[in-house]
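Engineer: dropping a prediction and its sequence here:
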Amino acid sequence: MTDTVTLTFPADNRNVSLARTVAETLRLAHEGMLVERVAAVETVLVLDNCEHLVDAVAELTGQLLDAAPPLRVLATSQRPLGLDGEAVHPLEPLPLEDAVALFTGRAGRIRPKFALDEG
């Protein structure tokens, strides 16, 4: 069984402790338990929106991968992390019509009365 943990980092993250954020998401008492947790069970750690924290994400990811080789990390970012063994898969932007449909669909789930207007 594989455990999957997903984190999305907000664009305004100047005061974010990455290790603490990951530990809190995993409901760990403190960030010192992070390596033990990801080494204990096969884990896929999904880190989304990393372009704002590339250096911190690269540092933490490198430490976790060194300490827990079975760990797999999927990081979404506009910039590569620069880690050994990193596989980069560039994606093209969505066509405008598809992007608008995706946005309005997601917005509608959050605000059922959401309607796209010309403004």
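Structural biologist: Ah, there it is. Residues are numbered from 1 along each chain as shown.
Engineer: need the three-state assignment for the residue most central in space within the chain.
Structural biologist: The structure's the chain has its C-alpha centroid closest to Leu47; by CA atoms, centre = their mean the separation is 1.6 Å. Reduced to three states with DSSP: H, G, I helix; E, B strand; the rest coil, the structure at Leu47 is strand.
Engineer: what's the closest non-adjacent residue to it?
Structural biologist: On the basis of CB to CB, 6 or more residues apart in numbering, the spatially nearest residue to Leu47 that is not a chain neighbour turns out to be Ala75, at 4.4 Å. Where you see a C-beta, it was placed from the backbone N, CA and C, and this is true even at glycine.
Engineer: please apply the same query to Pro80.
Structural biologist: Nearest residue to Pro80, sequence neighbours excluded (CB to CB, 6+ apart): Val88, at 5.0 Å.
Engineer: could you measure from the one you found over to Pro69?
Structural biologist: According to CB to CB, to the nearest Å, Val88 stands 21 Å off from Pro69.
Engineer: same deal with Leu18?
Structural biologist: To Pro69, Leu18 is 20 Å away according to CB to CB.
Engineer: between these two, who's got more neighbours?
Structural biologist: More crowded of Leu18 and Pro69, by other CB atoms under 10 Å: Leu18, with 20 against 9.
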